[in-house]
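Novice: need a structure here:
(chains A and B)
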Amino acid sequence: MQKIYDSAEAALDGLLRDNLLIAAGGFGLCGIPELLLEAIRKSGVKGLTFASNNAGVDDFGIGILLQTKQVRKMMSSYVGENAEFMRQYLEGELEVEFNPQGTLAERMRAGGAGIPGFYTKTGVGTQIAEGKEHKDFNGETYILEHGIFADLAIVKAWKADDTGNLIFRKTARNFNVPAATCGRICIAEVEEIVPRGSLDPDQIHLPGVYVHRIVQGEHEKRIEQRTTRKREEA
Amino acid sequence: MPWDRNQMAERAAQELADGMYVNLGIGIPTLVANYTGDKDITLQSENGMLGMGPFPFEGDEDPDLINAGKQTITELERTAYFDSATSFAMIRGGKIACAILGAMEVSEKGDLANWMIPGKLVKGMGGAMDLVAGVGRVVVVMDHTNKHGDSKVLRECTLPLTGKGVVDLIITNLGVLEVGHKGLHILECAPGVTREDIRAATEATIVD
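Specialist: Model prediction:
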């Protein structure tokens, strides 16, 4: 069981082709698999569909794949921070499927858990419910949503051991866990690969069974909205 | 004098009780955190955190620690982190007692519209649909009228809905309205605002 690869390019070797459905972790620019996205850009594969909460900004995150027109469709909950995204969307070059954020997370979790569909009350009575099966349970109406089964999952974690057990840091965990589970193959890029036995088994956030390939690298970890308070206020 | 943004936030904070887990939306709702006083309130951020702290001091910003508005924040002693599926499980599962949100329109039946304007740039609903469908109580904080002077409290929403029959309480610059079975009830008027003023500024049915 050799899961560690030397580079993001090497970790993607043999897995990329046009028209893949890729689940990507991250919220905004927090906890995004920035090294794997850059390697996908370099590979030149096209027609990609991304299940990802957001689409990055113009020059970071999934935004870099929009610049090169490698993305055909986004399955997201909020995409407001990206001018090139908006241009392609308004011109009809890019398909967008809006998902309520919790529905997107649960669709990934369900896919990873072998559940093809589930009922939720999120979105009942809104545009999101149009064309979806409705069913009443205990006097309340729910709609059917489908699990996401991705060809590939790309996620970013803080630490991994060589078996792929992952630990995330603070709010950078976000969509990385459900995204990782719904991929047929999952690649995790991490800040540090630590020796086997050095992670506390009680503190693993995502067991290595979900993680097939690991790559360690330097992360920019860009901040999208830097907000602070003055020290005098303390 | 109608309430200003901070006074609306202060009034909304009165809706929170000791021990509550609460989700605050972007804009005026964010200001509610400044007015919780001695009450023991835990703020949820739907990107995966309970126990959200204030903005960091300059130089202490952590790219791994942001709120749902993507702003840098801090953690508290009570903080817990979790993934997005778990975060929305607690929202959908009714574990979050209250959400305080902004709105473009609210109807007398408690319908809420706050995510898109047809013909304008659509950015997405984020977690708003999940929140209004799932949390125990939905409080809307918004101006009573739009910039053209038209009522934002309507018989029927004209914009695409975020949720149907989900709003419990509306706090505007003019006062506080409760969503009842047959229409809206005026619970409170801002200082110097009369019930007639609220009726005149409201398109929706006001029962009493």
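Novice: ok, the worst-scoring helix or strand of chain B on mean pLDDT near chain A or not?
Specialist: Counting by mean pLDDT, DSSP states H and E, the weakest-scoring helix or strand in chain B turns out to be helix B:28-31, with a mean of 93. No: using CB under 8 Å from any CB of the partner chain, we find that helix B:28-31 stays clear of chain A, coming within 10.6 Å at best. Backbone N, C-alpha and C define where each C-beta goes, glycine included.
Novice: Would you mark the buried spots in whatever helix or strand comes next after that helix?
Specialist: Proceeding N to C from helix B:28-31, the next assigned helix or strand is strand B:42-45, under DSSP states H and E. Buried residues in strand B:42-45, counted by 16 or more other CB atoms under 10 Å in any protein chain shown: B:Thr42, B:Leu43, B:Gln44, B:Ser45.
Novice: how about strand B:42-45 as PDB, C-alpha atoms only?
Specialist: Provided in PDB are the C-alpha atoms of strand B:42-45 (Å, rounded to 0.1, in the frame of the first residue of the first chain):
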ATOM      1  CA  THR B  42     -23.200  30.100  21.100                       C
ATOM      2  CA  LEU B  43     -22.900  31.300  17.600                       C
ATOM      3  CA  GLN B  44     -22.900  28.800  14.700                       C
ATOM      4  CA  SER B  45     -21.000  29.400  11.500                       C
END
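Novice: Could you look up the next helix or strand downstream of it?
Specialist: Sequence-wise, the next helix or strand downstream of strand B:42-45 (DSSP H and E) is strand B:49-52.
Novice: CA atoms only: put that following strand into CSV for me.
Specialist: Presented in CSV, the C-alpha positions along strand B:49-52 are these (Å, rounded to 0.1, in the frame of the first residue of the first chain):
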residue,chain,number,x,y,z
MET,B,49,-18.0,25.9,13.7
LEU,B,50,-19.9,26.4,16.9
GLY,B,51,-18.6,29.0,19.3
MET,B,52,-17.6,31.8,16.9
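Novice: partners of the helix or strand that it is followed by, with directions?
Specialist: For strand B:49-52, the following helix or strand on the C-terminal side (DSSP H and E) is strand B:75-81. Using DSSP bridges, the strands paired with strand B:75-81 are strand B:49-52 (antiparallel).
Novice: what mean pLDDT does the strand it pairs with have?
Specialist: In this model, strand B:49-52 has a mean pLDDT of 97.
Novice: Tell me the bridge partners for the most centrally placed residue in chain B.
Specialist: Closest residue to the average C-alpha location of chain B: B:Leu101 at 1.7 Å, with CA atoms, centre = their mean. Per DSSP bridges, the residues bridged to B:Leu101 are B:Val140.
Novice: and chain A, which of the buried residues of strand B:42-45 reach it?
Specialist: Contacts with chain A within the buried residues of strand B:42-45, as defined by CB under 8 Å from any CB: B:Ser45.
Novice: next one: the least confident helix or strand of chain B to chain centre, how far?
Specialist: Chain-centre distance of helix B:28-31: 8 Å, with CA atoms, centre = their mean, to the nearest Å.
Novice: Just the CA atoms of that helix, as PDB, please.
Specialist: These are the backbone C-alpha positions of helix B:28-31, laid out as PDB (Å, rounded to 0.1, in the frame of the first residue of the first chain):
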ATOM      1  CA  ILE B  28     -27.400  43.800  10.300                       C
ATOM      2  CA  PRO B  29     -27.800  40.300  11.800                       C
ATOM      3  CA  THR B  30     -24.000  40.100  12.300                       C
ATOM      4  CA  LEU B  31     -24.400  43.200  14.600                       C
END
